[in-house]
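Participant: sharing a model that was predicted from the sequence below.
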Amino acid sequence: MKLKKITAFTGIFIGLSLAAAVSPIVGEMVATLPPLIVTYPRKYLDLEHENVSFPTTDGLTLRGWFFPCDDPQSPAILYAPATAKDLRQGLSLVAPLHQAGYQVLLFSYRGSGQSDGNRLDFSYGARESLDIDAAVKYLSETRGIQHIGAIGHSAGAVAIILSAARNPQIDAIVAAAPFTSLQDIWSDNRPAIFPADIYLETQRVYQIRKDFSESQVRPIDVVNQIAPRPILFINGLKDKRIPEQQASRLFKAARQPKQIIWIAGAGHAEVRSPGLDNLSPQIVRFFDKSLRN
């Protein structure tokens, strides 16, 4: 009887341990999965656009929507979506940017929307920054656009920072709620129920399964390489995912010219909407100063 109790207890312990280890993995897969169906929203049918596609350096095809101006040489702004989002996340910014004379490119990362790639391989900016590279190349070489700005939210902002640090063709950046590093974002968002050791081990599993390294996702190490190109940070004072201390560290690591806007009462999602939408006049002025002068 005693042996049966010990065996039962051992089984329960092993089962709980496996559940604790597996649950973060399953949760991460669900949290980073992009939408299955992508259609053009009816409420934006008044915005004329072109369906476009362009290749990545590793042989995938990315697809998106391009909103042209009458002058094909007008500056262009690309939008980089957040985790588990596709190109539609940028649609609300198209009208104010277009009315200000900017062409706009919205596209989905690899594995998202109608772009090629594995839907389960989101890499928090590591490979997504390569997709930013491909988008910039499309704008500069295929469309012949000389001045390019970029807006990104969360992991999209991280992908832009990583790309801009090595890509001088990105002339100005609006980074909304970026994190300092993958290690920091995971640590700051660890559920209290999961022991730190188990949580760290599941992070290693993520990286092995997705074939990337957290060392590739450290915008705090490279954000200083963007200068003298300007960068505008936008953060929420109620953002629990990207704490104020983390946002301040990234801003401090950047070199001039730089600005930061704090949105009172805004959590992580609210930084994007309604945050960026409400700040569109300031964003347009930032790009006017950065790309037109």
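Facilitator: Here it is on my side, so go on. Note that the coordinates shown come from a computational prediction; the quantities given were computed from them, not determined experimentally.
Participant: what about the strands in the stretch 1-150 of the chain?
Facilitator: Using DSSP state E, counting those that start in this stretch, the strands found in the stretch 1-150 of the chain span residues 50-55, 61-67, 76-80, 103-107, 148-153.
Participant: save those strands as TSV, and put in mean neighbour count too.
Facilitator: C-beta coordinates here come from the backbone N, C-alpha and C atoms, glycine included. Output for the strands of the stretch 1-150 of the chain, formatted as TSV (neighbours: other Cβ atoms under 10 Å):
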stretch	mean neighbour count
strand 50-55	14
strand 61-67	21
strand 76-80	28
strand 103-107	26
strand 148-153	27
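Participant: format these as CSV; extra columns: mean pLDDT and distance to Gly113.
Facilitator: As requested, these are exported to CSV (pLDDT from 0 to 100; distance: least, Cβ to Cβ, whole Å):
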stretch, mean pLDDT, distance to Gly113
strand 50-55, 98, 11
strand 61-67, 98, 7
strand 76-80, 98, 13
strand 103-107, 98, 8
strand 148-153, 98, 16
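Participant: can I get those strands in CSV with distance to Gly267?
Facilitator: Output for these, formatted as CSV (distance: least, Cβ to Cβ, whole Å):
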stretch, distance to Gly267
strand 50-55, 33
strand 61-67, 28
strand 76-80, 20
strand 103-107, 24
strand 148-153, 13
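Participant: remind me which residues of the stretch 51-200 of the chain are low pLDDT?
Facilitator: Within the stretch 51-200 of the chain, no range satisfies pLDDT under 70.
Participant: list the contacts of Gly111.
Facilitator: By Cβ atoms under 8 Å, 6 or more residues apart in numbering, Gly111 lies in contact with Pro34, Gly117, Asn118, Arg119, Leu120, Asp121, Phe122.
Participant: dump the residue contacts of the third one.
Facilitator: Just to be clear, that refers to Asn118. Arg110, Gly111.
Participant: from what I see, Gly267 and Lys240 are in contact.
Facilitator: Yes. Between Gly267 and Lys240 there is a contact under Cβ atoms under 8 Å: 6.5 Å.
Participant: more neighbours: which of the two?
Facilitator: Per other Cβ atoms under 10 Å, whichever of Gly267 and Lys240 has more neighbours is Gly267, with 16 against 10.
Participant: how far away is the more buried one from Ile242?
Facilitator: 10 Å (Cβ to Cβ, to the nearest Å).
Participant: identify the contacts common to those two.
Facilitator: With Cβ under 8 Å, 6+ apart as the test, Gly267 and Ile242 both reach Gly236.
Participant: which residues touch the residue positioned nearest the centre of the chain?
Facilitator: Relative to the mean C-alpha position of the chain, the nearest C-alpha, by Cα atoms, centre = their mean, is the one of Gly156, at 1.5 Å. Counting by Cβ under 8 Å, 6+ apart, Gly156 touches Tyr79, Ala80, Pro81, Ala82, Lys85, Glu128.
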